[in-house]
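> sequence? don't have it. structure:
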C-alpha cells in the first residue's frame, strides 16, 4: 500500500517538474492515454486556454480527423469538442494532422509537395521554404489540375456557402408592354346598295348606338330592284320553269336584296314600293352617312357597323423580347378606365415585321368583351407570359456568375470540394435561369458566396499557369 502511494507521489512530482511529456514519450503512452492516467491518479490536467468567438464546428474529443457542423457524440457517448473562431486559425483545405492520420496506415499516396504560400514551386520530397515553412503534401485525388477548389469546414461556416439542387422547371417571365384596343377586322360590316336608290326613311339610329341583328336601319326605293321583283312575279304567275325562276331570284340577290325580302315577294306575290334594309349583325354604329330623301349611288356606304363582343389588343413588343413570346401564350390586359379589373386572353398572331422607328413588333391578343367595356383606341397595359411550356433544367439566378462574355456556375461536389463549370444559359424568369448546356438535373450548385469560390478558383488556376512545365511533377 505504501509502495503504491509512493509511486503516485513520485509520478506527481515528475509531472509537476514538467517532465510529463518526456516520461509519456519514453513509456509510449499517447496523449489521450496520459490524460486518462492523470484522471485515475486524481491529478488535474493543465487548463487549456479557452477559445473565443462563435462555434465554427465540432471536433472529435481525442483530436481525430472527425468533424461535425452540429453537436455530436462519439461511439462511447463523449461529446465532440466545440472549436471556436479564435481556434480555427488554419487556412489549409485539410484538417489538422493527427497521429492516426499521419501514420503509415493512410491509404492515400503523396504525389508531391507544393509551396505553402501558393508560389509556383513543387518538390518531389518534403522540404521547407525560405521562411522555414513546410511544403504541403498533395495526395492522390487532390491533384485536379486547378479545377476543383477545396474549402475547409471552418471556411464554409464563415463564408455562408449554400447550395441548391438543379431541377427541371418551367422558366417564364412576364413581358410588360403597352398596347391599344382595336376592332376585330373580321367583325366590321357596312350597309350599302348595289344600285341607285332613293332613301325614303332612316331609322332613329345614330353614330355610337348599339343595334341588333335584323333591326331596321332604313327604307329605300330602288328602280332596278323593283324591275327584278316584277320579273320574278311574272315568272311565278305564268308557271315559269325552275331555271327561269332561279334566274329572277339570282338577279335580286345580285342587287343585294336580303333572302327574307325575296321570300316575302314570293309569299305575297307583290313587289313592295320600298324595301327595308336591316342590320346584318349585332354591333355599334361607327358611321351614319345617310339622311331621309337622299339619293344613294351604287356602293355608297350608308352605315358602318362593328361587333365589339370580341376585340383585339395590339401590343408593341421590343425586338429583344420577341424571342420569348410564342403563339398561344397567356396575356393579361388592364385598362385605366377599369381599375382593379384584369382581362385574360391569348396571343393569336405575331406580326411578321419590325417597326423601323420603334424596333418593336406588334403582337395581337384576342379578348372577349361581352359587356362592351373595352372600346376602340383605349390604352392598355399588357402582360404576356413568356418562356417554354415544357420544363427545362434551371438554377436560381444567384447561382450564375455572368461576366458578360462567360457564364459560370459552381458545382458542389461534397466534402468541401467545388468545381467551376462553364454553362450556356437560356431564358430567365421568376428567379430562375435556364441552363442549356454544362450541368444536368440532380447536380448541386452554389447559390451563396459563389463569387468567393470562383475568385479562389481563378487564383489557383493563375498560380498553376505561372508554374513552368519543367517544374511540375
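Now that the structure is in, tell me what you want to look at. What you see is a predicted model, and the numbers here were worked out from it, not measured in a lab. Residues are numbered from 1 along each chain as shown.

> run a quick neighbour tally on residue 359.
The number of residues packed near residue 359 is 12, by other Cβ atoms under 10 Å. Placement of C-beta: from N, CA and C, glycine included.

> for the closest residue to it other than its chain neighbours, grab phi and psi.
Leaving out its chain neighbours, the residue that sits closest to residue 359 by Cβ to Cβ, 6 or more residues apart in numbering is residue 319, at 4.9 Å. In this entry, residue 319 is assigned phi and psi values of phi -60, psi -40 (degrees, to the nearest 10).

> residue contacts, residue 319?
Taking Cβ atoms under 8 Å, 6 or more residues apart in numbering as the contact definition, residue 319 lies against 354, 359-361.

> just the buried ones out of those, please.
By neighbour count, with 16 or more other Cβ atoms under 10 Å, the contacts of residue 319 hold 360-361 as buried.

> now, the most widely separated pair of the contacts of residue 319?
When those are compared pair by pair using Cβ to Cβ, the two farthest from each other are 359 and 361, 8.7 Å apart.

> re earlier: the contacts of residue 319 in strands, which ones?
Among the contacts of residue 319, the members falling in strands (DSSP state E) are 360-361.

> looking at the contacts of residue 319, which is nearest residue 250?
The nearest member of these to residue 250, counting by Cβ to Cβ, is residue 361 at 46.1 Å.

> now the closest one, which residues is it bridged with?
As for beta bridges, residue 361 partners with residue 317 under DSSP bridges.

> distance check, it against residue 61.
Using Cβ to Cβ, to the nearest Å, one gets 70 Å for the distance from residue 361 to residue 61.

> next: residue 269.
Per Cβ to Cβ, residue 269 is found 118 Å from residue 61.

> ok, these two, which is more surrounded?
Neighbours per residue (other Cβ under 10 Å) separate residue 269 from residue 61, with residue 61 holding more: 16 against 10.

> ok, the more buried one touching residue 74?
Yes - the pair residue 61 and residue 74 passes the contact test of Cβ atoms under 8 Å, sitting 6.6 Å apart.

> shared neighbours of these two, anything?
Common neighbours of residue 61 and residue 74, using Cβ under 8 Å, 6+ apart, are residue 80.

> would you map the helices across the stretch 301-450 of the chain?
Assigned by DSSP state H, counting those that start in this stretch, the stretch 301-450 of the chain shows helices spanning 450-466.

> show me the shaky parts of it.
Low-confidence segments of the stretch 301-450 of the chain, defined by pLDDT under 70, are located at 387-389, 450.

> can you give me the strands for it?
Counting by DSSP state E, counting those that start in this stretch, the stretch 301-450 of the chain has these strands, from start to end: 301-306, 310-318, 330-335, 343-350, 360-368, 379-387, 392-396, 401-402, 407-414, 417-422, 424-429, 432-437, 444-448.

> same deal with the stretch 101-250 of the chain?
Listed in chain order (using DSSP E, counting those that start in this stretch), the strands of the stretch 101-250 of the chain are 110-114, 122-123, 136-139, 149-150, 162-165, 167-169, 172-183, 188-192, 197-202, 210-211, 216-221.

> not counting its neighbours along the chain, what's nearest residue 185?
Closest residue to residue 185 apart from its sequence neighbours, by Cβ to Cβ, 6+ apart: residue 312 at 8.0 Å.

> how deep is the one you found tucked in, by neighbour count?
For residue 312, the count of nearby residues is 24 (other Cβ under 10 Å).

> what about it, distance to residue 234?
Counting by Cβ to Cβ, the separation of residue 312 from residue 234 is 49 Å.

> swap in residue 187?
In this structure, residue 187 and residue 234 are separated by 40 Å, where distance is defined by Cβ to Cβ.

> so for the two, which residue has more residues nearby?
Neighbour totals were compared for residue 187 and residue 234, and residue 187 leads with 17 against 12 (other Cβ under 10 Å).

> show the contacting residues for residue 288.
Shown here is residue 288, whose contacts under the criterion Cβ under 8 Å, 6+ apart are 202, 205-207, 302-303.

> nearest to residue 447, of those?
Comparing the contacts of residue 288 against residue 447 with Cβ to Cβ places residue 207 closest, at 61.2 Å.

> is it true that the closest one touches residue 290?
No - using Cβ under 8 Å, residue 207 is not in contact with residue 290; the gap is 11.6 Å.

> before we move on, back to that, who's the residue nearest to residue 185 bridged to?
For residue 312, the beta-bridge assignment (DSSP bridges) gives partners residue 182, residue 366.

> what's the answer for residue 421, then?
In this structure, residue 421 bridges to residue 409 when assessed by DSSP bridges.

> please apply the same query to residue 149.
Residues in a beta bridge with residue 149, per DSSP bridges, are residue 418.

> could you check how far it is from residue 449?
In this structure, residue 149 lies at 12 Å from residue 449, with Cβ to Cβ as the measure.

> of the two, who's got more company?
A direct count of neighbours by other Cβ under 10 Å for residue 149 and residue 449 places residue 149 higher, at 24 against 19.

> what's the pLDDT at that one?
According to the model's per-residue confidence, residue 149 sits at a pLDDT of 71.

> so it sits against residue 413, correct?
No - contact criterion Cβ under 8 Å: residue 149 and residue 413 do not qualify, at 9.7 Å.

> now do the shared contacts for those two.
The contact sets of residue 149 and residue 413 overlap at residue 419 (Cβ under 8 Å, 6+ apart).

> tell me which of residue 207 and residue 290 has more neighbours.
Relative neighbour count places residue 290 above the other of residue 207 and residue 290, with 21 against 12, counting by other Cβ under 10 Å.

> contact partners for the spatially closest residue to residue 315 that is not a sequence neighbour?
Counting by Cβ to Cβ, 6+ apart, residue 315 lies nearest to residue 179, which is 3.8 Å off, once chain neighbours are set aside. Neighbouring residues of residue 179 by Cβ under 8 Å, 6+ apart: 313-316, 333, 365, 379-382.

> kindly provide the distance from residue 179 to residue 187.
From residue 179 across to residue 187, the span is 19 Å (Cβ to Cβ).

> please apply the same query to residue 445.
With distances taken as Cβ to Cβ, residue 445 is found 52 Å from residue 187.

> do I have it right that residue 273 meets residue 223?
No - under the criterion of Cβ under 8 Å, residue 273 makes no contact with residue 223, lying 11.0 Å away.

> got a pLDDT number for residue 50?
Model confidence at residue 50 (pLDDT) stands at 63.

> hang on, I meant residue 177
For residue 177, the model assigns a pLDDT of 91.

> excluding chain neighbours, what is closest to it?
Across the structure, with Cβ to Cβ, 6+ apart as the measure, the residue nearest residue 177 apart from its sequence neighbours is residue 315 (4.9 Å).

> which residues touch the one you found?
Taking Cβ under 8 Å, 6+ apart, we find residue 315 in contact with 177-179, 331, 362-363, 365, 380, 382, 384.

> what about 10 Å?
175-180, 325, 331, 333, 347, 360-365, 380-384 (Cβ atoms under 10 Å, 6 or more residues apart in numbering).

> which of those are buried?
Using 16+ other Cβ under 10 Å as the threshold, 175, 177, 179-180, 325, 331, 333, 347, 360-365, 380-384 are the buried ones among the contacts of residue 315.

> what number of residues lie near residue 305?
The criterion is other Cβ under 10 Å. On that basis, residue 305 has 25 neighbouring residues.

> skip the chain neighbours and tell me the closest residue to residue 127.
Distance criterion Cβ to Cβ, 6+ apart; nearest residue to residue 127, sequence neighbours excluded, is residue 135 at 5.3 Å.
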